[in-house]
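Enquirer: Predicted structure and sequence below. I'll ask about it afterward.
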Amino acid sequence: MDQVKYDNLKLGEKGAIISIIAYICLTAIKMVIGYTSNSEALKADGLNNATDIVASIAVLVGLRLAQRPADNDHTYGHWKAETVASLVASFIMMVVGLQVLYEAASSIFEGKSESPDLIAAWTGIICAAVMYFVYRYNKRLALKIKSQAVMAAAKDNISDAWVSVGTVIGIVGSQFGLPWLDPLTAVLVGLLICKTAWGIFREATHHLTDGFDEALIVAYRDTISNVDGVDEVRDLRARNYGNNAVVDVVIVVRADMDIQTAHDISTNVEDEMFREYDVYTVHVHVEPGLDDSGKENTGYHYSKEANG
């Protein structure tokens, strides 16, 4: 199972590389056309793509570091590397977003009087189409390899496509005697960059502090409770290592059960979790419940850990 997950990380690099190439090209085009056509909105969109280059590089670096196997001082592996990379990228994106807001707001207060050339609008349309196709590719790849990092990149791709659409609207609108609409659109782009940065930061910190989806915890508990031989799920916790879910569960079985049967039940719990949710590791601790006479035996405990 480890090799399959490492292979998926390797495949995920393609999505990050395609995003980097697309963002480099679009950033150069938008910045050049933005300055020559005097469009604040297109320049802001170009800076937005520049931050996306950094974010995509961070995803790529994270995917590569996460492929390193466990070693002496990383006994659980390097799976969290991509989460740390996302956190770094969020800081960079926030700084650029604030810079775009400052420059756009300054342009509004200075009273911009000239509308940008329409070539800026055509540039925005073409760039939006390019990012839509990159989004479709990365989304399919993310679903195929079940990668949260690549799916996040895909969501960023479609967000950038919509930013370019908004840029076009602002540029076209400024042609109708409303030159201030172009820098106003740049303000909206800056806000969107900051919003995206905050979303990435919040998700990354949630994972790094061992936050987990409460709905999945409930689903895990229901699934384990339905395994034959499990009388009760006494405790269940889960956390993320990169894209991998690690589950610790305490189950209760009959007190008069022999250790081999308890072992088989815990194996069935592991197999069910691997099959239903593709979790990475399940640690099952077995505690005694009631025996046939209705008495609780507190002297029997069994723990088992399995890696999917």
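Expert: Yep, that arrived.
Enquirer: hang on, isn't Pro288 packed against Val250?
Expert: No - at 11.5 Å, Pro288 does not count as touching Val250 under the criterion of CB atoms under 8 Å. Just so you know, the C-beta spots here come from the backbone N, C-alpha and C atoms, and that holds for glycine as well.
Enquirer: quick one: which of the two has more around it?
Expert: Neighbours around Pro288 and Val250, counted as other CB atoms under 10 Å, are more numerous at Pro288. The numbers are 21 against 17.
Enquirer: Let me see the backbone angles for the more buried one.
Expert: phi -80, psi 140 (degrees, to the nearest 10).
Enquirer: Does the residue nearest to it when sequence neighbours are not counted belong to a helix, a strand or coil?
Expert: In space, and not counting its chain neighbours, Pro288 is closest to Ala255: 3.8 Å by CB to CB, 6 or more residues apart in numbering. On the three-state scheme (DSSP: H, G, I helix; E, B strand; the rest coil), Ala255 is labelled coil.
Enquirer: Same check on the one 5 residues further on?
Expert: At Gln260 the chain is in helix, as set by three-state DSSP.
Enquirer: residues in contact with it?
Expert: For Gln260, the set of contacting residues under the criterion of CB atoms under 8 Å, 6 or more residues apart in numbering is empty.
Enquirer: now the stretch 1-150 of the chain, which segments are flagged as low pLDDT?
Expert: In the predicted model, the stretch 1-150 of the chain carries pLDDT under 70 at residues 1-6, 111-114, 148.
Enquirer: picking that back up, how near is the residue nearest to Pro288 to Ala262?
Expert: As judged by CB to CB, to the nearest Å, Ala255 and Ala262 stand 10 Å apart.
Enquirer: Flag every buried residue along stretch 207-218.
Expert: By neighbour count, and taking 16 or more other CB atoms under 10 Å as the criterion, the buried residues in stretch 207-218 are His207, Phe212.
Enquirer: Give me the contact list for it.
Expert: Everything outside stretch 207-218 that qualifies as a contact, by CB under 8 Å, 6+ apart, is Lys80, Thr83, Val84, Leu87, Leu236, Arg237, Ala238, Arg239, Asn240, Ala245, Tyr277.
Enquirer: Stretch 17-33 now?
Expert: When contacts are taken as CB under 8 Å, 6+ apart, the neighbours of stretch 17-33 outside the stretch itself are 39, 42-43, 45-47, 49-50, 52-53, 56-57, 59-60, 119-120, 123-124, 127, 130-131, 134, 137-138, 153, 156-157.
Enquirer: Confirm Leu192 sits in a strand?
Expert: No - using three-state DSSP, the secondary structure at Leu192 is helix, not a strand.
Enquirer: The protein: strands as residue ranges?
Expert: Ranges of strands within the chain are 232-241, 244-253, 281-288, 302-307, based on DSSP state E.
Enquirer: can you pull out the helices in the stretch 151-300 of the chain?
Expert: 181-208, 214-225, 259-277 (DSSP state H, counting those that start in this stretch).
Enquirer: tell me the contacts of Thr105?
Expert: Check again: residue 105 is Ala, not Thr. When contacts are counted by CB under 8 Å, 6+ apart, Ala105 touches Pro183, Val187.
Enquirer: how much space between it and Thr83?
Expert: Plainly put, Ala105 is 33 Å away from Thr83 if you go by CB to CB.
Enquirer: and if you look at Val284?
Expert: Here the distance between Val284 and Thr83 works out to 26 Å (CB to CB).
Enquirer: If you count surrounding residues, which of the two has more?
Expert: For Val284 against Thr83, the residue with the higher neighbour count under other CB under 10 Å is Val284, and the figures read 25 against 22.
Enquirer: backbone phi and psi for Arg68, please?
Expert: In terms of degrees, to the nearest 10, the main-chain angles of Arg68 are phi -70, psi 130.
Enquirer: where's the residue nearest to it when sequence neighbours are not counted relative to Gln260, distance?
Expert: The shortest distance from Arg68 to any non-neighbouring residue, by CB to CB, 6+ apart, is to His78 (4.3 Å). With distances taken as CB to CB, His78 is found 36 Å from Gln260.
Enquirer: just Ile119 next, same as before
Expert: Look at Ile119 and Gln260: by CB to CB, they are 76 Å apart.
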